[in-house]
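Undergrad: predicted model, plus sequence, below.
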Amino acid sequence: MRLHPLCALALLLLPVAAQESADTEKLELRVVDGQAGRATLDRGRVDGLRAGDRIVLRPREGLPIEGRVTDVGERSASVEFDDAARIAAPGTRGEAWVPRARRAEAPPVQPVEPGAPVLEHPAWSQPDSGWQKGMPLLTEVPALHPGQRSPAVHGRWYVIADHVVDLDSDYSYGLDRAGIDSTWSNAFGNGAELNLGVETNWRNAVVPDADDTHETYVRLDRLSYVLGGDRFVPRRVEIGRFLQYGMPELGVLDGIEVSTRVPGGNSYGASLGYMPEPNAGQESFRDLQVAGWYRWVGDETERSALQVGAQQSYHDYSNDRQLILARVDLAPQKGWDLHGAVWVDYYTASDAAKGAGFELTQGILSIGRVFEGGSSLTLTGTHVSFPEMERWEFVPVSAAQLADDHVERIALRARQKTGRVWLREEAGIWTDQDGQGGDGELGFEFERVFFEGCHLQLAGYGADSATSALWGLRGALQRQLEEGSWELGYQFAQYDFTGFTDANDQLPQHRLRLSREFHTASGWSFSAHGEWLHFANDDSLAAGLYLQKSF
């Protein structure tokens, strides 16, 4: 077996599981709007969130995204990521750890206007007669079974438009999208949920000296029925099309998933079904898979977790991919966090490009800490190579590329605060099948510039390899408002190529961007941006908007 250094390091660090305080509890949340470095959440003050709380988002692929709540509304909150380059797509799941005492607090009492009539509250249908001073609110009120709750529909609908026009040619491109993502709770009076996620796409591409492309298609991303998975029924069953719940790395499925949570928080599950192809058509019924997983947690807060899974797939009912996955998350309240994930493929003698044995096809390991005051330090290592399989997930490559292509990168990222100024540094080295190189960035973030809530970001960056060198500068002026923000940004990049003549060995790029975003407590979110790009002797304009209503 070919054991990669990332795997060995992860195995050494597994015993570091932390014991957590029983004074906090996990608050599950989702992203409703995301941009580079920040996002809007579907939880707010009534759910126990407060400014300064730490959150962790868990995208389908890659490392978790950590951040800090900056602004809290009644039912929504804004969060700023530790890594300003990360983006969380709408729908991304996450959690925050909220003090139990805070969630038991009564909401703030609104002042009564002088002379306003006093309305008598009707008698409580479920009085908390056993409550005594010092006890959490609603201690003696029995919890309602999901089947006893009134049916309710919640979710979001959205419209997204992105268009690019080249000012020096006839090239243009546009992609317009409209969709809905919703859940119907207690849909049939038995506590079950019915989930729907559907989107219509209009794509238009005009390319000089080629046929224009006009395309309209509908994507069915989710249509599933969920039963159980709550405090009353620990077994959860989901049937239909859905992103697998227990281990999202296993992908989207047309089939069934069954999972069970046991006392103490550990859980296990299995799934059977077909994997739709990851393209616009989402063709299905060619790739059958069977998978299973087990998840261990340190305690009920789930700050420490270790998960392993396996997936066997069949392409046109012939043996295809045999995949083993493992993930570790250690996030104590204080101290160092560890997040890691590995994807290991098993090959047989019939896999000519790889040969028989095990291979680490993906590996991610991150160790970091957020210190008092907000300073942070993170070390990340990644490894990626092509797996050999019949299922179409990548542009076809040769057998030599399957055997040899790979990339590894190790990066160190730090952030410190001095007065009203944040200093941010990042340095990385990488290697692939053709050579090696390095990259780095140094940035400054100034708080409260010009106006209250106004921030200025400045950064210089560079990269070097055997064939090219890159250096650049960028800056952004941001203003946080009560219900949103605006941003004005500029970026310059200079590419220097090795082995070319003086006439074409440099490629400068200028980019100017203006964006505006706002959200309301009633569930509306809106963002729009405009961008001008000057690339060598070519100019283009880009514009986009995003409108969403949560319900």
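TA: Good, I have the coordinates.
Undergrad: how much space between the residue nearest the centre of the chain and Arg43?
TA: Centroid-nearest residue in the chain, with Cα atoms, centre = their mean: Pro59, separated by 3.1 Å. Separation of Pro59 from Arg43 (Cβ to Cβ, to the nearest Å): 18 Å. All C-beta atoms are positioned from the backbone trio N, CA, C, and that covers glycine.
Undergrad: likewise for Gln311?
TA: According to Cβ to Cβ, Gln311 and Arg43 sit 32 Å apart.
Undergrad: with neighbour numbers in mind, choose between the two.
TA: Taking neighbours as other Cβ atoms under 10 Å, Gln311 and Arg43 compare with Arg43 leading, 25 against 22.
Undergrad: the residue lying closest to Ala84 once chain neighbours are set aside: neighbour count?
TA: Using Cβ to Cβ, 6 or more residues apart in numbering and skipping residues adjacent in sequence, the residue nearest Ala84 is Gly37, 3.8 Å away. Using other Cβ under 10 Å, Gly37 is surrounded by 20 other residues.
Undergrad: okay, and the helix or strand of this protein with the least pLDDT?
TA: In the chain, the helix or strand scored least confidently by mean pLDDT, DSSP states H and E is helix 5-13, which has a mean of 43.
Undergrad: next helix or strand past that one?
TA: Going down the chain from helix 5-13, the next helix or strand is strand 24-35, by DSSP states H and E.
Undergrad: quick one: Leu167 from Asp538, how far?
TA: Per Cβ to Cβ, Leu167 is found 8 Å from Asp538.
Undergrad: could you do Glu426 as well?
TA: Note on Glu426: its distance to Asp538, by Cβ to Cβ, is 30 Å.
Undergrad: which of the two has more residues huddled nearby?
TA: Ranked by neighbour count (other Cβ under 10 Å), Glu426 and Asp538 place Glu426 first, with 21 against 13.
Undergrad: list the buried ones in whichever helix or strand that one is part of?
TA: Secondary structure from DSSP H and E places Glu426 in strand 421-432. Buried residues in strand 421-432, counted by 16 or more other Cβ atoms under 10 Å: 422, 424, 426, 428, 430, 432.
Undergrad: name every strand pairing with it and say which way it goes.
TA: strand 406-418 (antiparallel), strand 436-446 (antiparallel) (DSSP bridges).
Undergrad: may I have the residues that are in contact with the nearest residue to Ser185 once chain neighbours are set aside?
TA: Excluding the flanking residues, the one nearest Ser185 by Cβ to Cβ, 6+ apart is Ala152, at 4.9 Å. The contact partners of Ala152, by Cβ atoms under 8 Å, 6 or more residues apart in numbering, come to 184-186.
Undergrad: backbone torsions only: list them for the closest residue to Glu25 other than its chain neighbours.
TA: Closest residue in space to Glu25, ignoring its immediate chain neighbours: Arg100 at 5.4 Å, by Cβ to Cβ, 6+ apart. Arg100 adopts backbone torsions of phi -60, psi -40, taken as degrees, to the nearest 10.
Undergrad: sorry, back to before: can you tell me how far the residue nearest to Ser185 sits from Leu27?
TA: 20 Å.
Undergrad: in stretch 449-468, what's buried?
TA: By neighbour count on 16+ other Cβ under 10 Å, the buried set for stretch 449-468 is 449, 453-457, 459, 461, 463, 465, 468.
Undergrad: show the average pLDDT along that stretch.
TA: Averaged across stretch 449-468, the pLDDT comes to 89.
Undergrad: residues contacting that stretch, please?
TA: By Cβ under 8 Å, 6+ apart, stretch 449-468 touches 84, 424, 434-448, 469-481, 495-499.
Undergrad: the same query, at a cut-off of 6 Å, please.
TA: Under the criterion Cβ atoms under 6 Å, 6 or more residues apart in numbering, residues 435, 437-447, 470-480, 497-498 lie in contact with stretch 449-468.
Undergrad: if any of these are buried, put those into a ChimeraX selection.
TA: Filtering the contacts of stretch 449-468 down to the buried ones (16+ other Cβ under 10 Å) takes a single ChimeraX command:
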select :437,439,440,441,443,445,446,470,472,474,475,476,477,478,479,480
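Undergrad: re earlier: could you export the buried residues of strand 421-432 as CSV, including distance to Val252 and pLDDT?
TA: Below are those laid out as CSV (distance: Cβ to Cβ, whole Å; pLDDT from 0 to 100):
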residue, distance to Val252, pLDDT
Trp422, 38, 89
Arg424, 36, 92
Glu426, 33, 95
Gly428, 31, 95
Trp430, 30, 94
Asp432, 29, 91
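Undergrad: what's the closest of these to Val395?
TA: Nearest to Val395 among the buried residues of strand 421-432 is Asp432, at 16.8 Å by Cβ to Cβ.
Undergrad: contacting residues for that closest one?
TA: Counting by Cβ under 6 Å, 6+ apart, Asp432 touches Val407.
Undergrad: could you check how far it is from Thr498?
TA: Applying Cβ to Cβ to Asp432 and Thr498 gives a distance of 16 Å.
Undergrad: now that the residue nearest to the centre of the chain has come up, it's in contact with Arg93, right?
TA: No - using Cβ atoms under 6 Å as the test, Pro59 is too far from Arg93 to be in contact (8.6 Å).
Undergrad: so for stretch 214-230, what gets flagged as buried?
TA: Result for stretch 214-230 [16+ other Cβ under 10 Å]: buried residues 219, 221-222, 224-229.
Undergrad: let me redo that: stretch 492-500
TA: 493, 495.
Undergrad: pLDDT score assigned to Met1?
TA: 43.
Undergrad: same thing with Leu512?
TA: 97.
Undergrad: and it, how many neighbours?
TA: 13.
Undergrad: for the one helix or strand it maps to, buried residues please.
TA: Under the criterion of DSSP H and E, Leu512 resides in strand 506-519. Of the residues in strand 506-519, 509, 511, 513, 515-519 count as buried by neighbour count, 16+ other Cβ under 10 Å.
Undergrad: quick check: what element follows it along the chain?
TA: strand 524-535.
Undergrad: the helix or strand just after that next one - contacts with which helices or strands?
TA: Going down the chain from strand 524-535, the next helix or strand is strand 538-550, by DSSP H and E. The contact analysis (3 or more Cβ pairs under 6 Å, 6 or more residues apart in numbering; DSSP states H and E) places strand 538-550 against strand 152-166, strand 524-535.
Undergrad: nearest to Leu243, of those?
TA: If you check each of the helices and strands packed on strand 538-550 against Leu243 by Cβ to Cβ, strand 152-166 wins as the nearest, at 15.2 Å.
Undergrad: quick one: Gln282 from Ser182, how far?
TA: 19 Å.
Undergrad: can you check Gln509 too?
TA: Here Gln509 is placed at a distance of 41 Å from Ser182 (Cβ to Cβ).
Undergrad: now do Ser485
TA: From Ser485 across to Ser182, the span is 27 Å (Cβ to Cβ).
Undergrad: neighbour count winner among the two?
TA: Relative neighbour count places Ser485 above the other of Ser485 and Ser182, with 21 against 16, counting by other Cβ under 10 Å.
Undergrad: for that one, list each beta-bridge partner.
TA: Gln480, Glu517.
Undergrad: what pLDDT is listed against it?
TA: Here, the pLDDT recorded for Ser485 equals 84.
Undergrad: can we start the residue count at 42 from this point?
TA: Yes, from this point I'll number from 42; that puts the last item at Ser526.
Undergrad: list the contacts of the residue nearest to the centre of the chain.
TA: Pro100 touches Thr133, counting by Cβ under 6 Å, 6+ apart.
Undergrad: what about it, distance to Glu523?
TA: 29 Å.
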